[in-house]
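In: the following comprises the amino acid sequence and a computationally predicted model.
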Amino acid sequence: MPATSKYPALLDVTLPDGTGFDICKEVRTNSTVPIIFLTASNQEISIVRGLDMGADDYITKPFKLNELLSRIKAILRRSLKFSKADTTLEANGIRIDTAERLAWKNGEPIDLPLVEYKLLCLFMQNPNHLMPREMILDQM
């Protein structure tokens, strides 16, 4: 699963040792962290480029602080909603939150050693599949 964060990355287009576009492209290769460009460059080509390469928002300077905070909150609401949907496994009264590494059986929390937790996740991610021992060991 791609890495995510509860804090967005704020990038400027113009940086002393590169561009925010380069950083955005690199971050997007392995992460879904929210990205906001916060920059003085209000050229349409820069805005489109930033958004097309994966930024969640593009805010030009000068900006109002309350507007920035509201945009950050909105992006975090959306990203957390999507990441939570992708991190929950449920079957037969068992629920697992893989982002928090928590498990419940019929609503009661269960404490599992790491190996047992990983096995449970593996089996719940592959329901009704026979898995050879080697495959299980590779996943562990």
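Out: Looks like it came in fine.

In: is the closest residue in space to Ile47 that isn't next to it in sequence in a bridge, and if so with what?
Out: Counting by Cβ to Cβ, 6 or more residues apart in numbering, Ile47 lies nearest to Tyr58, which is 4.9 Å off, once chain neighbours are set aside. C-beta coordinates here come from the backbone N, C-alpha and C atoms, glycine included. In this entry, Tyr58 is beta-bridged to Phe37, by DSSP bridges.

In: domains in this structure, as residue ranges please.
Out: 9-86, 88-139 (automatic domain parsing).

In: quick one: the strands in this structure?
Out: Ranges of strands in the chain, per DSSP state E, are 9-11, 14-15, 18-19, 35-39, 57-60, 88-91, 94-97, 102-105, 108-110.

In: within the sheet, what are the partner strands of the third one, with directions?
Out: Strand partners for strand 18-19, identified by DSSP bridges, are recorded as strand 14-15 (antiparallel).

In: can you tell me the average pLDDT over the partner strand?
Out: Mean pLDDT, strand 14-15: 88.

In: what does stretch 130-140 give?
Out: 82.

In: any low-confidence regions in this structure?
Out: 1-6, 80-86 (pLDDT under 70).

In: quick one, helices of the protein?
Out: 20-28, 44-52, 65-86, 114-125, 133-139 (DSSP state H).

In: now those helices as TSV including distance to Ile94?
Out: TSV is the format used below for the helices of the chain (distance: least, Cβ to Cβ, whole Å):
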stretch	distance to Ile94
helix 20-28	34
helix 44-52	40
helix 65-86	17
helix 114-125	7
helix 133-139	18
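
In: dump the ones you listed to TSV, plus mean neighbour count.
Out: Below are the helices of the chain laid out as TSV (neighbours: other Cβ atoms under 10 Å):
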stretch	mean neighbour count
helix 20-28	16
helix 44-52	14
helix 65-86	12
helix 114-125	14
helix 133-139	10
